[in-house]
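any chance you can model this:
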Amino acid sequence: MYPWPDSLWGSTTPSVDRLPSLKEDIHTDLLIIGGGYTGLSTALHGGSMFSSIVIIDQAQPGWGCSGRNGGQINPQWKSSLSHLKSQYSQNEFDDFIKLLNTSAQNVFSLIEQHNIDCQGLRSGALIPGRGTDSRRYLQEWASYWKDYGARVQLLGKSETTEAIGTKVYDNSLLLEEGGSLQPLAFTRGLVSACQSQSVDIYGDTRAQTVTARGNGWLVKTEFGLISCNSLVIATNGYTGRLWPGLRQNLYPVASMISATEPLADDAFSSILPAKQSVAEYAGLPFYYRLDEQNRFIMGGRGTRSGGVGSMDPRHLHRAAIKLFPQLEIARWTFNWAGYVGVTLHQKPLLLRLGENAYAGLGYNGRGITMATAMGRQLTRALAGKSTLLPVESLEKNKFYAFYRLGVTGRILYGEWLDRRQGLR
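Residues are numbered from 1 along each chain as shown. Below is the predicted model of the structure:
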């Protein structure tokens, strides 16, 4: 069994019984491997398409990054407009923008539709920055989103200072559709919604092999075989060697989070007074917010090699205190980490693996919005319908074995950029 991380989310979500592991041979119309946002959303959106749906997870739903992330509902993609346009055709780019623009609403709609108690708060999401590069990025996206009709505001330095409570940033982009939630509670709400629609979910059930069988697939687990007509792999940052070549399409990079005890003192009242979530535009961005109990939650890189390491959060605390000096007296009570699925080209991936077999992964730090949106796209692909993401094929990467060196180089370069801008 995989132990749960000692996270704030685990301590503030009501405990539930572990879902049973699979102990027999079964058949299902659709099998989903991975019980995070992608897999659960796929099951919910595919309920009317398939006669039966089964989800298996090597641990328990929400054990991976769906239960470890910072809880930010952020519809803004990290790439520049020019980079995105270089990666997609014009029609593909237009479709991707449609997906982004509705991604936060999609999350809130699921919360409302299934009455999920997960501290969902539509307070807005802020992207602040410092220096010339950030100013260009924020201005380009603000202008584009306004022409598109999205509810955004470009805030100057004084407005940003007032909204966040620090003078460090030059300006920011406020996305009014964004907000926050309690990620593990959201996951468990999706589990309950799936179960109410007769989706069978098994925990502690690792898929060991996948082989073609007639017009479908046969998946071997430790104690049972699963035959299925359609297959979805939804493992993102925890993708292993189950499907040859799949893991080479993304890079698992650790993101670490630290949380304080509730900030009750008036000295903290200027920090995020409207409780927007914040995700920086920076060489090596940090992200932070306040939760329902006024705990300050700070997230950023794990180790410089891209791994979790020994869970040393001091770099997070230093960055938080530079932004908000009053946090020097705060008591940090939780530290945890998880793996984010990052792609070299910074695109999310909807991959066709074979006949009636797909994978959705590579959310680049926007897992709540994009992974949840991916569920609908996967079901449309399975149904042979058009999707708002291009359906792509696996790519081979002969340099994958050296990706840790690339991650370290990118982290060091990002840190240098931020020091040069005076952000750190």
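
name the nearest residue to residue 328, ignoring sequence neighbours.
Among residues not flanking residue 328 along the chain, residue 321 sits closest, at 5.1 Å (CB to CB, 6 or more residues apart in numbering). (Each C-beta comes from the backbone N, C-alpha and C, glycine too.)

the one you found belongs to a strand, doesn't it?
No - assigned with DSSP: H, G, I helix; E, B strand; the rest coil, residue 321 falls outside any strand and is helix.

need the residues that contact stretch 297-312.
For stretch 297-312, contacts defined as CB atoms under 8 Å, 6 or more residues apart in numbering pick out 8, 70-71, 251-260, 284-291, 315-317, 319-320, 335-337, 339, 403-404, 407-408, 411-412.

the residue nearest to residue 328: neighbouring residues, count only.
15 (other CB atoms under 10 Å).

start at 51 instead
In the new count, where the first residue is 51, that last one comes out as residue 371.

that one contacts residue 382, doesn't it?
No - at 10.6 Å, residue 371 and residue 382 do not qualify as touching, with contact defined as CB atoms under 8 Å.

next, the buried residues of the longest helix seen in the chain.
Using DSSP state H to define each element, the chain has its longest helix at helix 140-163. Buried positions in helix 140-163, judged by neighbour count with 16 or more other CB atoms under 10 Å: 142, 145-147, 149-154, 156-158, 160-161.

can you pull out the helices in the stretch 101-250 of the chain?
131-137, 140-163, 182-198, 207-214, 233-246 (DSSP state H, counting those that start in this stretch).

what would the ones you listed look like in a markdown table with distance to residue 466 and mean pLDDT?
Below are those laid out as a markdown table (distance: least, CB to CB, whole Å; pLDDT from 0 to 100):
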| stretch | distance to residue 466 | mean pLDDT |
| --- | --- | --- |
| helix 131-137 | 21 | 96 |
| helix 140-163 | 30 | 98 |
| helix 182-198 | 13 | 97 |
| helix 207-214 | 24 | 98 |
| helix 233-246 | 31 | 98 |
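
between those, which gets nearest to residue 84?
Judged by CB to CB, the one of these that comes nearest to residue 84 is helix 233-246, at 11.7 Å.

which helices and strands does that closest one pack with?
Contacts defined by 3 or more CB pairs under 8 Å, 6 or more residues apart in numbering; DSSP states H and E place helix 233-246 against helix 58-62, helix 87-95, helix 140-163, strand 250-252.

adding distance to residue 448, write these out as CSV.
Output for the helices and strands packed on helix 233-246, formatted as CSV (distance: least, CB to CB, whole Å):
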stretch, distance to residue 448
helix 58-62, 38
helix 87-95, 27
helix 140-163, 26
strand 250-252, 36
